[in-house]
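In: sequence first, then the predicted structure:
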Amino acid sequence: MEQTVNIVSRQQWGAVAPKQKDSLEGPAQRVVIHHTALQSCKGLAECTDGVLSIQKLHMDERHFDDIGYNFLVGGDGSLFEGRGWGVMGAHTKGHNGDSLGIAFMGNFNNDTPSKEAILSVKQLLMSGVLQGFIQPEFALYGHKDLGATQCPGENLYAALSQLRSST
């Protein structure tokens, strides 16, 4: 089954070029789910502004080489290329070398992830496996499984099983 996923490219959202890029050594063995802990967004304009501000925060204040996540998803299910496929992220300290970081835009201690966002990320994961960017038997984690944090928020953490299911 062909999975086509529409992703807003770095060029389309106006990304600043990364200071440097490190590649993953092979397909990602793990996928780590995050939330941005910022306001949620819907629609291309609002979400684009959100992604740009996250990149600025990560590069200017946290001194990352680029936006930390590989991909981000808005409340309407729109997907944004962060660092993208095959690139080492800066999202889970000590665990970036073999993983992909995907951030749901919003604060899921308060909000509930939308069906659209869940579906988009499921399709992204299937597409990544089909294209060879993610191991078929990848492990899925919430950020808090791998570090002392509340991320990805209790409501998104509770929905992780929906990302694992194949339906």
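Out: On my side now, so go ahead.
In: what sits against the residue nearest the centre of the chain?
Out: With distances taken as C-alpha atoms, centre = their mean, residue 102 lies nearest the centre of the chain, 1.5 Å away. Contacts for residue 102 (C-beta atoms under 8 Å, 6 or more residues apart in numbering) come out as 31, 32, 33, 34, 69, 70, 71, 72, 73, 121, 124. Backbone N, C-alpha and C define where each C-beta goes, glycine included.
In: if we go to 7 Å?
Out: Shown in contact with residue 102 (C-beta atoms under 7 Å, 6 or more residues apart in numbering): 31, 33, 34, 69, 70, 71, 73, 121.
In: wait, is residue 33 part of a helix?
Out: No: Residue 33: not assigned to a helix; according to DSSP: H, G, I helix; E, B strand; the rest coil it is strand.
In: what about it, neighbour count?
Out: A count of nearby residues for residue 33, using other C-beta atoms under 10 Å, gives 28.
In: ok, now residue 7?
Out: Residues lying near residue 7 (other C-beta under 10 Å) number 17.
In: quick check: nearest residue in space to it, chain neighbours excluded?
Out: Excluding its sequence neighbours, the residue lying closest to residue 7 (C-beta to C-beta, 6 or more residues apart in numbering) is residue 79, at 4.6 Å.
In: quick one: that neighbour from residue 26, how far?
Out: Using C-beta to C-beta, to the nearest Å, residue 79 is found at 23 Å from residue 26.
In: which one of the two is surrounded by more residues?
Out: Neighbour count, other C-beta under 10 Å: between residue 79 and residue 26, residue 79 has more, with 21 against 11.
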